[in-house]
Every structure is written in C-alpha cells, then in structure tokens.
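> Quick one, what's the 3D model for this:
(5 chains, ligands or ions: 5)
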Amino acid sequence: MTTNHKMIARDVSVFYGDKKAIDSVSIDVDMENVTAFIGPSGCGKSTFLRTLNRMNDTISIARVEGTIELDGEDIYASGMDVVQLRARVGMVFQKPNPFPKSIYENVAYGPRIHGLAAGKPEMDQVVEKSLRRAGLWDEVKDRLQDSGTALSGGQQQRLCIARAIAVDPEVILMDEPCSALDPIATAKIEELIHELRGRYAIVIVTHNMQQAARVSQRTAFFHLGTLVEYGETSEIFTNPRQEKTKDYITGRYG
Amino acid sequence: MTTNHKMIARDVSVFYGDKKAIDSVSIDVDMENVTAFIGPSGCGKSTFLRTLNRMNDTISIARVEGTIELDGEDIYASGMDVVQLRARVGMVFQKPNPFPKSIYENVAYGPRIHGLAAGKPEMDQVVEKSLRRAGLWDEVKDRLQDSGTALSGGQQQRLCIARAIAVDPEVILMDEPCSALDPIATAKIEELIHELRGRYAIVIVTHNMQQAARVSQRTAFFHLGTLVEYGETSEIFTNPRQEKTKDYITGRYG
Amino acid sequence: DPATGGAGGARDQVKIVGSSTVYPFTSAVAETFGRNNPGFKTPVVESTGTGSGMKLFCAGVGAGHPDIENASRRMKKSEFEDCQKNGVKDIVEVQVGIDGLALIESNAGPKMNLTVEDVYKAIAANPYGKPNAAKTWKDVNPALPAIAIKVFGPPSTSGTRDSLAELILDKGCNKNPEMEALKKSDADKHKDICTKVREDGAYVESGENDNLIVQKLTANPDAIGVLGYSFLEENLKDVRGIAINGVEPTYETIAGFTYPGARAMFIYVKGAHLTAIPGLKEFLAEYANAWTPGGYLAKRGLIASPDAIRAKNAEIVQKLTMMTGADLS
Amino acid sequence: MSLLAILFLVLGLGLISWISARMRASRFVRGVGSDRPHSLPSYHGWYVGLWVTIPALLFLAVWASVSPGLISQAVLATPGAANLPAFGMERAAVLSEARAIATGAVHGGFHAQAASLAPAYRTAIMHYGLIGAAVTLILAFAGGAFAFTKVRSDFRARTRVERLVMGALLIASLIAILTTIGIFGSLVFESWRFFNMVSPLEFLFGTQWSPQTAIRADQVGSSGAFGAVALFWGTIFIGAIIAMIVAIPLGLMSAVYLTQYAKPSTRRWVKPILEILAGVPTVVYGYFAALTVAPALRDFAVMIGISNASSESALAAGIVMGVMIIPFVSSMADDSIAAVPQSMRDGSLAMGATPSETIRKVLLPAALPGVVGGVLLAVSRAIGETMIVVMAAGLAANLTLNPFASVTTVTTQIVQLLTGDQEFESAKTLAAFALGLVLFIVTLLLNIVALRVVKKYREAYD
Amino acid sequence: MTELAAMTPVPTAPKRIPTDWKSDLMQRRIRKRYASERRFRFIGLAAVSLSVAFLAFLLITMIGNGARGFTQTDIRLPVNFAQTSLMLDPTALTGPNAEAALAAANIQGATEEAAVAAFGPDGADYISDGAWLSVRAAIRKDPAILGKTVDIAVPASTHIDIAAKNGADPEIRAAYQKLEATGRLSTGFNLNFLTGSNSNDPTLVGIWGAFKGSLLTMIVTLLLAFPIGVLAALYLEEYAPRNRWTDLIEVSINNLAAVPSIIFGLLGLAVFLNVMHLPRSAALVGGLTLALMTMPVIVIAGRNAIKSVPPSIRDAALGIGASPVQVVFHHVLPLALPGILTGTIIGMARALGETAPLLMIGMRAFIPAPPAGITDPATVLPVQIYLWADEVSRGFVEKTSAAIIVLLVFLLSMNGLAIYLRNKFEQRW
Ligand SMILES: Nc1ncnc2c1ncn2[C@@H]1O[C@H](COP(=O)(O)OP(=O)(O)OP(=O)(O)O)[C@@H](O)[C@H]1O
Ligand SMILES: Nc1ncnc2c1ncn2[C@@H]1O[C@H](COP(=O)(O)OP(=O)(O)OP(=O)(O)O)[C@@H](O)[C@H]1O
Ligand SMILES: [Mg+2]
Ligand SMILES: [Mg+2]
Ligand SMILES: O=P([O-])([O-])[O-]
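Ligands and ions are numbered 1, 2, ... in the order given. The predicted structure follows:
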C-alpha cells in the first residue's frame, strides 16, 4: 500500500511545549495531486504542514511524534539530512517573502546552494525554466536584475513559487499562498497550481473553501488538531461523511 | 435652511499630502440625532470624521478644503479656537484609550482643564453624572480610585464615553467604538448611544451594517472618498437609490 | 625577568621614571638625545613622583625595571638599602642641577612676606604638638593679613612634598627649642609633629605635574602655591614668588642656596644596565652636556649647580663611579 | 626557514588543498533526490583546507613561543657562549643582539660579543627552523591526506564545516563572560588584599580620606586614612545631583520639544546635533571645564560674594558633566514618550486639552517609568565618568553641600592613586581597586534596576 | 443632500443648558491656558537652544583657542657659517658617516650664536630651542651653504610666537616689535604640528605621534572587537538556545556595555600588565583594553540589527533547504550589516575618545617618536591632550586646543558617517 504514496504520515502528533497542537494524524500525499488542508483558524493546518519538511525544527518548543516517510524514508530518522529534505520538499509561505536581491538571484539561490547548476549558462537555464513554470517569465524577463521586492504582491508570490521550483523539489507545500493577494493575482496562482500539479505533489493550506474545491483533488479537514475527514475533494464538498465537516463547509462556523 | 443643523459641511475635501482622501463631501449633522458613516475600508470615513473636530490638525500632512460650520461658525476660520472646538465636539475612538490614571481622574481630566467644576464637591458631582450617563456608575462607584486601564474593554469604552461627556460637549464623534468589543459590550454601548441621543448630536463610524441600522437615524455611505448616498437610515437600508450602495449593503463587496 | 621587557628579555630603549620636577629636564635631554643620535631609540620618560619612582627603580634589575630614576631630592638611606636588598647594587648618582621649591602667589595677591615658622604654623597638622586651629594668616602671625589659609601643594607621593617638609617645615619647627630637643629624645614624634601636613582643607593636595596650580592661583588671588621654580619662571606674567625670611625666589638666591626652598636634583642610574641597554651611557653624556649654565636646560628653568659640583658630576658621568651610600641620611 | 615563511607556506597549502578538494568534489555525479552529493564542492574544499591549516597553525603557534627558548639554549651551549656576562639581563641583551645580527635586522653591534655569537645563532635558528617547518608540513600533509580520503559524494562536509563555525560563534560569545569574570576577579582579588590592611567598615563608613600611607618607611606626612564617605558624597554630589539638575530638565524638555513640537525637518537636524554632545570626548569636556567653565564660575561666585569659592568647584564639573549627559537623557526620554501609544495623545487632544496639557498631564506621567529608568542609566554613567572630574574637580575630600567648594570623586581618586605609582603592595594602590569595586557594584545595580524598569514599562504598552 | 427630510422626533430628556464658552470667565481662562502653552513650548525651545548653544560655545572656544595652534611664527635667521663656531667639513656630509658628523657638530650652539649675532644678546631667546633642527635640515639638504651666509627660516620661540598672536607681556612685545621691524618674521601654517610628535617645546610639538598611536590602538581594537562582537551577536540572536548559560552571556554583555570605562583600565592593568606581562604603554594593550570595552557595544548594536531582519527571510531560505549557517551568512548578515556597521562606528568613536582606561596602563609617558609597531611605547590623541593640558609652557595652551580640534574633526566625521549610514539604510520591512 505504501509504495504508491509520495509522503506518508502515520499517527503524527505535534506538541508545542506541553500543548498538543496535532493529535495523531495520518495522511498520505500523492504525486501529481493537489491535497488541500482546510479547517477553522488555529486547528493546526500550518503546524501539520510544517512537519512535512521539518520547518517546525525552527521552533524550539515544537516536538513531533509518529512517523512521516518520504519515498519510504523516515524524515525524522536521526540520519536524515534536513537540508536535503527541504530541497526535496519545498515550501511557499502565506506572505510572499522574496529575498531583497535581484529576481535572478532569488531564483538562482536554491540551485546554487545545492549545486544544481554548473556554470552561468546552466544557471541561466534553470532560472528561466523556473520562472516560466511559475508563469512569471514574460513579465520579468527584461528586468531580471531588478529587486524581487519591487514586484507586485502576486508577482512576488509567483517568484517565491519559482524559487521553490528551482531546486527541483518533489513535493511543494503552500501555506495559504493567496491570502495576501487580490482576486486577480489569486486566480493566476490557482491556474499555476493547476499546471504544476502534473510534475509535483502539492499540498495547500487554505481558508477559502471555494479555492480548495477549485484546485485540489483531495481534501483534509482539520478540527482542533485532529483530522476529521480526508478524501476526494468532490466527495468532501458534496457529500461529507462527518457532521462537523458539513457544518464547516456550509459556513455554520469558522 | 442652515439654522436647524448643528454642523454643516460643505464641499469638504481632505488631502494627505498630494493624495485626495475625501472629495467634496457635504453633510449636515443635527442635534438629538445619530448619524452613521458606513463604507468599505479606506473610503475615508475616519478621515472625514476627524475633520469635524479638527483632530486631523495633528496629522501634519493633512489639509482640508471647503467649509465646516458648527452653529453657523466656520470651525476652520483663523479665529477659531481649536481647544474650545474640541470641548464642544467630543470624540470616542475605536480602541478604548483611557489614560493610565484612576477612573475618577479619567473623567475629571476634561472638566479640570476646562475649568468646568469649582472645587472638589462639584467635581465629584460632574464625575458621577458623567459616569451615570455612560451607564458605568454602578459598576465602578466603589473603585473610583482604581486605574482606568484595569477595566474590561467594554467598561473602558464606556469610561471613554463618560470622559467625553464630562466636558459637556454638543456633538460626539465615535469612530468604530465597538469594533474592539465583544457582542455583549457592543450591545451595551449601542443602548448607551440610544440614550445619549436625546442630548447630543452623535456621529458614528461603523463597519457593521446591522449596527448602523440599529442605532442611527441617518446614514452616509462613503466610497473611495466620495459620499455616494446620504439619507434616512431606513431608506438607505431598504431602498438605496444608488446601485453601489445596494451592492455594498447586500455584501457584494467590501 | 624575561617577560616584561619584550623579546628575549632585552630592551633597546632607555626607560626613566621618577620626579615630576625633574621630568621636564630629563625629557628635554631625552628628546635632544633622540634627535642627535639616530642610531638609538629615544628614551621613554614617565613622571611618577620621586617616591614612587624610587620604589620602581629599586625593585630589581632587568629589562622589566627602569634604568634611571629622576629624583628631586637625594636618595634616602632606606631607599638605598631597599635597592641593595633587591639586587640593585651598583647605582650612579648624578646631581643634575638645582631647583627652587618656590612659594608663589598670584600677581593680584596680597604680596605676602613669610618666615619658615609662619609656613610651618599655617600648614602643619600639629604645630608644636597642638592641633592646628589657624584659619587665617593673621592667626599664625599677627603681622600678616587676615586672609584664609589656602595652600595648593604637592601630594604626599612626591619628592616636592618631601622637600617642603625638609626645607621649610622642619626648619620652621626647629625654631622652637623644645622641638630641637624632641628630635634627640623621640625622633619619630618629632617627625610627626614637624612634617605632617594638615588635612582639613587648608592645604590642598594638587596633582603632581600640575600647571593648573598656576591657573588656580590666578583664580584664587588669596591662595598660595608650592611648586618648582621653573613653573614660577614660566608664569611670571600671572604669579610671583613669595619672599621667605626676606629672600625672594630668584635664580641667584636659589643657586646660592640663600632661598630656603633651594634643593639639588639628581638622577640615579643602574650600573648593571649601563652595558646592557644601548644608549644609556650616551644619554648620560648628553645630560652632562646639557646642564651647563648656558645649556638648554637652563632655559627650561633648571638652575645650574655651582661649577665645582658640575665638574665633579661630569667626572662621575664620565667614569661612571658608583655611589657608596655611606653619606646618605 | 622563518616562521613567517612557514605561515605563508601553510596558507598556500591550504589554498591548494581547498582548490583540489573542490575540484574533486565537483566531479561527483549529480544524482537526483537523496542520491545528490551531500555537500557542495566548496564545502569539501573548506573541510580539507581547514584540516590542512588548523592543526599546522596550532603547532606553529606553540612552536613560535617555545623555539626562541630552545634556540638560545642551543646557542648558550656553544663554546663561544662560555664567556658571556653572568648578569642575566646583559646576557639577554647580547643574545638578542646576536639574534638580530643573525637575522639581518641590524648590522652594527652595540655589544662586541654579539657579532661573534651570530653564526652560532644562525645555525641554531636554521636548525630549529627546519625542525619546525618539517613538523608543520608533516601535520599539514597528514591533515590533508586524512581529510582528502573523506571527500566522497555522501560525505557530510558541510555539516562538519558548519559545526566549526558554530564553535567559533560560541567562543566569541563566551568572551563577554570571560571579561566579566576578569573584571570581577581582578577587582575582588586586589580589594581583598586591601581589606586585609584596612577594615571594610572604615573604608565604607569612615569620613576621613587621606590615602597618604608611606610608600617608604620614612616618608613624611602620611597618616593614611581610608574613609571613603567623602568620595562617595563627592561622586553623588557631582554626578547624581548637579549633573542631573542640568541634564534632566534640559534633556527632558529637549525631547519633549523635539518629539511634540518641532517640525520633522528641524528634528532631523537638531537630533544629530544633540547627539554630537555625547560624541565629544570626555577629555575635551574636562579641559573645557577646567579652563573655561571653572574660572568663570569662580568669578561669578566671588561676584555674588562667596569669597572662598574654589576654582575646582563641584559645580563646574557637575555642569559640564550634565551637558555631556543631555543627549543620553533626551534619547531615553524620547524613546519613553514615543512608547506611549498615540491613542493617549489623541484622547487628550480630543478632549480639548492643549498640547502642553497633554504632555504634562498624560504623556509624561505615562512615560514616567521609562524616564526614571533612563535617568538611572544616566546617573550610572555620570558617576562612572572620569576625565571631567579628574581635570575639573578637586582632590580634596570634602563633605560639603557648597557647590562652589571643591570635592573629589571615586574616579578621580582611582586615577590619582594609580597613575604613576604602579607598585602593587601599598594600601594606597590597592585602595583604587576597592574604589573600583564599589563603583562597579553600584553602577551594576543601577543598571540592573534601570533596565528592569525600562523593560517592564515597555512591555506594558506592547 | 440637505433637502433630506424630517428627523425622528426626539425622546424625553430634560433640555440641556450648554456651557457658555463665550463667557468672559471662559475666555480669560482660555487665554491663560494658551499663555501657559506658549510658555511650555518656549521652555522646550529654550532647552534645545541651550543645549545646542553649549555645544556651539564649546566648539567656538576650542576653535578660537586652537586655530592659532595651527600657525607658527618663523624667523628668517641669517647664519654666517664662517663666523660661527661650527666645525663641519662639507665633504664629510656626503660620505656614509654624514649622520655621525652632523651629530657631533654643535649645530645648536652655532645657531644660537647666529641668533645672538643677528638680534643682540637676547637673540637666543627669540628662536625656538629646536631652531637648530631647521639649520641642520638646511645643511643636510645643501652642504654647500657651510662657509656662506644664508637666511634660514627657523621657528620663533614660544614667547615671540605668542606675542605675534597678540598675547604677551609688554617686555616681550617690545622684543617682538623690534624683530617685526627687521622684517624677518613671518607667520604661516604649522605643518610640523601635523607631522611631528610630542616634544618639550611647544614650537616643535606635533600630533602625528599620538595620532599614529591612536591609529594603531584603533586597529587592534577593531580587529578584535568587530569579529568577536559580530560573531557573538549572531550566536546570541540566531542560534543560542534559551537557557541559563545564554542568559548569563546576555546579562554580562549588557552589563559590560554599562561598566564605567575606568574599570576596564583597572582590568587592563591587573590582567594584561600584571598577569600577562604585556609591554607597558603599548598600543597592543590599549587596543586590547578598548576592544573589551567596545565589543559589547557592537554586540548590542549587532543584535538589534539582526533582530530587525524579518523572520520571513529566514523562513524563505530554510524553506528551500539552506542550512542555518547558510541562512545567516547569505541572508541575515548582509541585511544586518549597515546596522552593525553603524553600531561599530559609534563604538569605535567612543573608544577613540577614551582617555581614562589608557591612563591606567601607562599610555601617558613622554614619547617623542611615533610608535613603529603595536608593542612600542605609544600614546593616543586624548591622552596627549590630557598631558598637554598639564604642561608648564604657556605655548601648550593653543596646541592643546589645536589637538582637540583634530580629535573632534575626526570624531565628528565618524559620528556623521554613522548618522548618514543610519539614515540611508534605515529600512522597515
Ligand atoms: N510557535 C508556536 N508556539 C506555541 N503554540 C503555537 C505555535 N504556533 C502555533 N501554535 C498553536 O498551535 C495551534 C495550531 O496552530 P496553527 O498555526 O497550526 O493553526 P492553523 O490551522 O494554521 O491556523 P490559521 O488558519 O489561523 O493559520 C494553535 O492553537 C496555535 O495557537
Ligand atoms: N495619516 C495618513 N497619512 C496618509 N494617508 C492616510 C492617513 N490616514 C489615512 N490615510 C489614507 O486616507 C484614506 C482614507 O483613510 P481612512 O482611515 O479615513 O479610511 P476609513 O474609511 O476610516 O477606513 P477603515 O474602515 O479601514 O478605518 C486611505 O486611503 C488611507 O490610506
Ligand atoms: Mg496557519
Ligand atoms: Mg477608519
Ligand atoms: O615629582 P617630585 O619631584 O615632586 O617627586
């Protein structure tokens, strides 16, 4: 059963100090699929997402129990190299956070530290390819040396996606990538997710039910740190098995 | 025609530097009436409200054009005494901002600087009267010497109202006075506004359409710095003349 | 003592400590020496006061200890013994000239005329054994004006202070026959009574090499300063000397030892270092060259020793005769 | 071979190894996913380079400190050294000159013998130089060889190199603790010796200060009393009273004016100008106080009929110190006022209060804890200030309230007790350390309290 | 919109009697309040002006006193070498022993003779004690002048110099006027003041020696304090776990930043001189001592600068697989650098103006030659100022002020640079 899944989380619990923020969650993430995490604020979506590439290591009080495997390899095993893990499991954040460097350098940074491109021509290629995939190339190709922070919010977010893509990851985690964007920019990103799905396993946290319905194939509904329901998106939205899910989706609370 | 109105604004425009935040707005405010300003965020409600007691003087880049009269006197005329103006046109802010002094001192502050009470007994009276009107007397009469900041949010806001009342103003401006409060505290303030209406002209900015409908007699709808519609609250909410107003009220945007 | 002197326990630069009174003369010689002898490094001169300097000088031989001590008075027997004890056996004693310990006042001052007794009674802690209650000079001597006693003088670490005690206080004290007698019976008590300076504010300890005393006097015309004659000579525009026992401090009265404050000044050189420190001997030679009446030190206020003494000391410098310490007190 | 040459050789080897390891690592097959080489080539380069240089350099450092001893021993063992002077220092002088001749630093000789010893020196230097060079090179090559074998695709060079970087960071931050220990240790040690000679009670509560212990048995005029109360008073009088009387109103009102009244353009100019006051070195203030302010004050005092005014009055030092502290107080007050939420100010203005009423009755009371904290910090700085009082305050330990009289301070006395007299045995010198200890403890306490107050207060509005 | 219609009828409540703001009483009151407002504002303005005025007064006093320190009075001294007692063979000055020959000759005596010959019996008092150095330099430059009569510009003595600058007793003024009449006096820029070292003679002093001492000391300080400070700041802000040890480090750094500077002098004396036996009076020890003092300043400024780098930048880098060390050295440090540099400049400026701790470690000796290295005896500018303030000769007064001007120019430009950097790079994310 495990062989088909890109990432497998089993009985994962996360603690902040003594407080349990995630309680025994099991989820699989598949390639060429978009998985959406939804749930009311504070239910632990971000927390769980960050366990998938060990970004929670940066919070000193956070502690993870259970196992998470990437291609069958336990990412919390002692021999695991976090740096490589994060190169394979990329992340895009809620607020666009380009480096205050040129657009080119923003994209080239990852390939450079991972040694993915030998020489300038190859790097140029990688940068162009990533920006193209992120649907940003045409808008910035004439000003690659401009600062990444000079772009508009939506462009910045796409730049961040290009940056994540550039290190050739296998999984991309996105934590409410559109919540700081206007509707037009949001639409662009959603379209982009749609296109990217063919090459990566994508996990997206969103507050926006419609967005989850639009972009994802599978949806996980979290509530108070537990996974209430996980399944095909179409099913969750049209025919939720749990009462709570239904209440949430119909806007009864949250 | 003008004689009946407490305050009259004519063709008022407000600039922040070069940016026009309010564009040629004309409005009348009447005694014993609650006027509500509604509109999407950033449309200039607060900006306009602050022109009414010249609190925008504190923003160095703000500049006002047009005329605003209080009892027929131009408040932007050079001879106008801002200090007295503000005593006559009081203001309550979005976030309760009691001074870090005792409850008593909070209320006594205004009367003291304006010399409205001679001697302690008279001051005691003024404080009691103001707190009573603000519906706070019973809750605090035994701890007048406690710090004003030790009260709950709703109590703090009522304290701020008492403070404003204490200088015996004619107009009270309120900028989203309930947005930092919970529903119960909000209900109390709304009730209070209702009671105060008999003695003052009240202007209230609110984000909450229901609140506007509940407390006000007249409503002004702002959009992008212009006054789109101004009229009887009942009319605005049930039968808006402008398409934009309707869209806003029905939640189409904002 | 290899650690303190730099590489390999050797040093190639003369180090000098000691009296602040001699400091300007020695540093002038050092400077000239450096200018004339490009092959040697210019000596480093630190002004520490005669007493502290002696302590440093006598602490031992080696690169970590100074080569020369400036002294505004002769070495004491006890100091000599201290030196011997610490292995500083060979010492060359050179008298370089004379300095007047001058009492001065502002040009705007009352033109005082004092005796050693007056001075003693004014600033001793216990004049003739009784606590000092004098507030004004009139309390000391009815002939003097009734102005408050305020004396700016050297601190207790300095040789100038020792000289003040020896040349003026002691003499004033011994004017009293009882004290003369006490000296024989109880030397310690005598020393205490005769040389201890009051500490109630009438005597103000002022920094050692302190040009500011002159400025303070200009500002306090009623106060009196005790300092080296060279300071007086340099600042004649602002201050003047006070006659003691009728003698004014001038070049002649000091050179002739008629002014009570006149005292000889010395440098002490470590024999053991003479061969180890490059330039030390040459420096001494330069000193001997400089202390003549027409030499450049005279211009800085040094009063040349009488010819005979100069000749004797020139010979000491040439032959590097070590002192015996026999005639020290 | 000279140490410098070896040093450069090692660094050169390090560079070569860095380049070659890097090249070797860059030829690793670029896999995908977990088959990727763990570290970038440059990390392999650093790994090998550090292995080549660090052990070799450590050895070199040790060798540099022991080899001169070995060399001179070898020279002393030669027959030519037999008739060297017995006196240690002179021998050392000859030896060092011989070495200087041998290394070509000088030609002419001051000591005749030096020239004859030079050849022996040259051989010894050569000999030990070769030994040192050989060992260093062996270490460098051994380190390099060891590290080079590790350069493989899956070797975690980056982790190793980064661990070293972290070590360096940790060591850097430990230096602060070492310094604190150093300060405390040296002060306590010397003070303890002092308190063996003088009772702490007398020191802390005695009113008689006259540190005239004889440094020679027969020195005159030395009673030696070490009651520091008058010093403490002088310090407080100048630093905490007079200076603050100048600095608090001026600093506070400047801050009020600049934050509340001045146009932004004025503020942009005036604030840095005020900061300049804090940038003027204290020795300049001292000179200014002693030469300009003090005489002027004395003249003034005489004019108003205070005849015994001192030209080193507490007032002169205090005023100038106060001026120095102004920017300090004003920037602390500035911060505190800025930390009071804008809504307080709006609240008051909206009541019809004038700006000054708002400032006096709302802003300043609200900012008070911060201002007080700032003032405490300013006091701690003032009482630790040295040059102004050394140059402009007196040496007389007076317990007086008269600002025109001369008083002395703790720091002045430390300087007086220590400059010039470097011997470490007398109570007089050691007293300086006891005073230093008191000063340290007092400023420490003041700072701790002040920082607490400021911090707590900041949190209140955050 | 004013045509808007009828209002809701008003409920009960008794009619209010509004405050009569126009009453005399109220008007008087308000006038008083405005007067007090103006007073308060004026006090504020006065405080600022007073502070600025004090600074201006200080600077003007220093410049007024010190400007003269940059000029010197020269006398064109006619030297007839044939008539002086100077025994010097021009040919000896070309060989390898030229220096020795010059040293052996009594140029000083000859110079004084020349002065006496030219200006009468007091002549030697008119020229500086160091006048012969100019003569020596002239001979060195052109040995051919020996045997001829030439005019050599030599510095005038302090008395004449002061008289030339209008401030001497009548007696000396008379001498000055006599000299002036000969037309041999000229006052010009004192280059020697910038290139020379300490001297006993105010006409010969220069600040280069002290300046170089300051420079060497600052280099030692910077080399130690900057890297250590920055690394410690990085460690504390980015990596340090929150535990008792880091608290201890933090507390000690905050304290060190507030410890009076003289205590660092005591530390330097006790540790570097008495325990480690490093050389007295050396720039090395001064630098070490000041480095310990400056380091905490850099750490604190550095931490603030690092703190202001937004966490999102760190997240971004970590998120694409940068290691913590890479995050810091690739992103955080470059972004924090302007802030760190500003703090460093301010700390260095403070160290440069520091005097007291250096007095404790012996950097106050008479050192007439610039230090060649960090272990040579040296002094620094502020200490030099302190020492000159104590000098006997009145000529030092203006030199002291002139040295102060040099120090202030240096310091103020450092502070100015820091303020400029702060304004330029002040950014908010
Ligand atoms: N660094 C932290 N330390 C302590 N508790 C935390 C931390 N981060 C999150 N939490 C807590 O963990 C719980 C889950 O938080 P999380 O951010 O994962 O929720 P979320 O579902 O992403 O919410 P949102 O939709 O608001 O982003 C919350 O109760 C939160 O308060
Ligand atoms: N101090 C200021 N300086 C410059 N622009 C300002 C300032 N205050 C407000 N503005 C701008 O003026 C416009 C109107 O702002 P205002 O605060 O009046 O809106 P609002 O309707 O009160 O919004 P909200 O409902 O969010 O409070 C906005 O575009 C705002 O960005
Ligand atoms: Mg979240
Ligand atoms: Mg608003
Ligand atoms: O420095 P003194 O000459 O006074 O010892």
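> hey, let's count contacts and neighbours off CA atoms from now on
Noted.
> any low-confidence regions in the stretch 101-250 of chain A?
A:250 (pLDDT under 70).
> for the stretch 301-429 of chain E, same thing?
For the stretch 301-429 of chain E (pLDDT under 70), the answer is E:392, E:426-429.
> give me every residue that touches the residue of it found nearest chain C.
Residue nearest to chain C within the stretch 301-429 of chain E (C-alpha to the nearest C-alpha): residue E:365, separated by 4.6 Å. Counting by C-alpha atoms under 8 Å, 6 or more residues apart in numbering or on different chains, residue E:365 makes contact with C:44-47, E:281, E:378-379.
> Dump those to a markdown table, plus neighbour count and secondary structure.
Shown next, in a markdown table, are the contacts of residue E:365 (neighbours: other C-alpha atoms under 10 Å in any protein chain shown; DSSP: H, G, I helix; E, B strand; the rest coil):
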| residue | neighbour count | secondary structure |
| --- | --- | --- |
| C:44 | 23 | strand |
| C:45 | 27 | strand |
| C:46 | 27 | coil |
| C:47 | 27 | coil |
| E:281 | 26 | coil |
| E:378 | 33 | coil |
| E:379 | 33 | coil |
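> now stretch E:249-267, how far from the centre of its chain.
23 Å (C-alpha atoms, centre = their mean, to the nearest Å).
> Run through who's touching that stretch.
D:173-174, D:176-177, D:180, D:182-183, D:186-187, D:380-381, D:384-386, D:411, D:433, D:436, D:440, D:443-444, D:447, E:236, E:289-290, E:292-294, E:296-297, E:299-300, E:354, E:356-361.
> which of the residues in it are buried?
By 16 or more other C-alpha atoms under 10 Å in any protein chain shown, the buried positions in stretch E:249-267 come out as E:249-250, E:252-267.
> quick one, phi/psi of residue A:69?
Taking degrees, to the nearest 10, you get phi -110, psi 140 for the backbone angles of residue A:69.
> and stretch E:192-204, C-alpha only, in PDB?
Provided in PDB are the C-alpha atoms of stretch E:192-204 (Å, rounded to 0.1, in the frame of the first residue of the first chain):
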ATOM      1  CA  ASN E 192      55.100  70.400  11.700                       C
ATOM      2  CA  PHE E 193      52.100  70.300  14.000                       C
ATOM      3  CA  LEU E 194      50.500  67.700  11.800                       C
ATOM      4  CA  THR E 195      53.700  65.700  11.100                       C
ATOM      5  CA  GLY E 196      55.600  65.900  14.400                       C
ATOM      6  CA  SER E 197      55.500  64.100  17.700                       C
ATOM      7  CA  ASN E 198      55.500  65.100  21.300                       C
ATOM      8  CA  SER E 199      58.200  67.400  22.400                       C
ATOM      9  CA  ASN E 200      59.000  69.600  25.400                       C
ATOM     10  CA  ASP E 201      59.000  72.700  23.200                       C
ATOM     11  CA  PRO E 202      55.500  73.900  22.100                       C
ATOM     12  CA  THR E 203      57.000  75.300  19.000                       C
ATOM     13  CA  LEU E 204      58.100  71.800  18.000                       C
END
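> For the residue of the stretch 101-250 of chain A found nearest chain C, which residues are in contact?
Of all residues in the stretch 101-250 of chain A, the one sitting closest to chain C is residue A:113 (48.0 Å; C-alpha to the nearest C-alpha). Applying C-alpha under 8 Å, 6+ apart, one finds that residue A:113 lies in contact with D:40, E:322.
> Show me what secondary structure element comes after the strand or helix carrying it.
Using DSSP states H and E, residue A:113 falls within helix A:103-114. Downstream of helix A:103-114, the next assigned helix or strand under DSSP H and E is helix A:120-133.
> following that next one, which helix or strand comes up?
Going down the chain from helix A:120-133, the next helix or strand is helix A:137-140, by DSSP H and E.
> Could I get the buried residue list for that next one?
Applying 16+ other C-alpha under 10 Å to helix A:137-140 flags A:137, A:140 as buried.
> looking at this, residue A:228 is in a strand?
Yes - counting by DSSP: H, G, I helix; E, B strand; the rest coil, residue A:228 is located in a strand.
> Give the burial count for it, as a bare number.
17 (other C-alpha atoms under 10 Å in any protein chain shown).
> What is the burial count for the residue in the stretch 101-250 of chain A that ligand 5 sits nearest to?
Using C-alpha to the nearest ligand atom, residue A:101 is the residue of the stretch 101-250 of chain A that sits closest to ligand 5, at 64.9 Å. By the criterion of other C-alpha under 10 Å, residue A:101 has 17 neighbours.
> who are the neighbours in contact with it?
A:146-149.
> Against residue E:422, how distant is it?
Going from residue A:101 to residue E:422 by C-alpha to C-alpha, to the nearest Å gives 20 Å.
> Distance check, the residue lying closest to residue E:193 once chain neighbours are set aside against residue C:31.
Of all residues not flanking residue E:193 in the chain, residue E:206 sits nearest, at 3.8 Å (C-alpha to C-alpha, 6 or more residues apart in numbering or on different chains). Separation of residue E:206 from residue C:31 (C-alpha to C-alpha) stands at 13 Å.
> what's the answer for residue E:382, then?
Taken as C-alpha to C-alpha, the span from residue E:382 to residue C:31 is 21 Å.
> By proximity to chain A, which residue of chain D wins?
residue D:40 (5.7 Å).
> can you check the stretch 201-350 of chain E too?
residue E:321 (4.5 Å).
> Could you pull out the helices in chain A for me?
Assigned by DSSP state H, the helices in chain A fall at A:45-51, A:82-88, A:103-114, A:120-133, A:137-140, A:153-166, A:183-196, A:209-215, A:233-238, A:243-249.
> distance between the shortest one and the chain's centre?
Between the centre of helix A:137-140 and the centre of its chain there are 23 Å (C-alpha atoms, centre = their mean).
> Now do the contacts for the residue nearest to residue C:239 when sequence neighbours are not counted.
In space, and not counting its chain neighbours, residue C:239 is closest to residue C:106: 4.2 Å by C-alpha to C-alpha, 6+ apart. Residue C:106 is in contact with C:214, C:217-218, C:220-224, C:238-240, counting by C-alpha under 8 Å, 6+ apart.
> make it 10 Å
C:214-225, C:235-242 (C-alpha atoms under 10 Å, 6 or more residues apart in numbering or on different chains).
> cool, and residue D:322?
With C-alpha under 10 Å, 6+ apart, residue D:322 has these contacts: D:238-248, D:250-251, D:316, D:328-329, D:378-379, D:382.
> of all of the stretch 51-200 of chain C, which residue lies closest to ligand 1?
Nearest residue of the stretch 51-200 of chain C to ligand 1: residue C:64, at 60.6 Å (C-alpha to the nearest ligand atom).
> Next, that residue: secondary structure please.
Assignment for residue C:64 (three-state DSSP): coil.
> I'd say it and residue C:11 touch.
Yes - using C-alpha atoms under 10 Å, residue C:64 is in contact with residue C:11, at 8.6 Å.
> beta partners for the residue positioned nearest the centre of chain A?
Per C-alpha atoms, centre = their mean, the C-alpha nearest to the average position across chain A is that of residue A:173, at 1.3 Å. With DSSP bridges applied, residue A:173 shows beta-bridge pairing to residue A:91, residue A:203.
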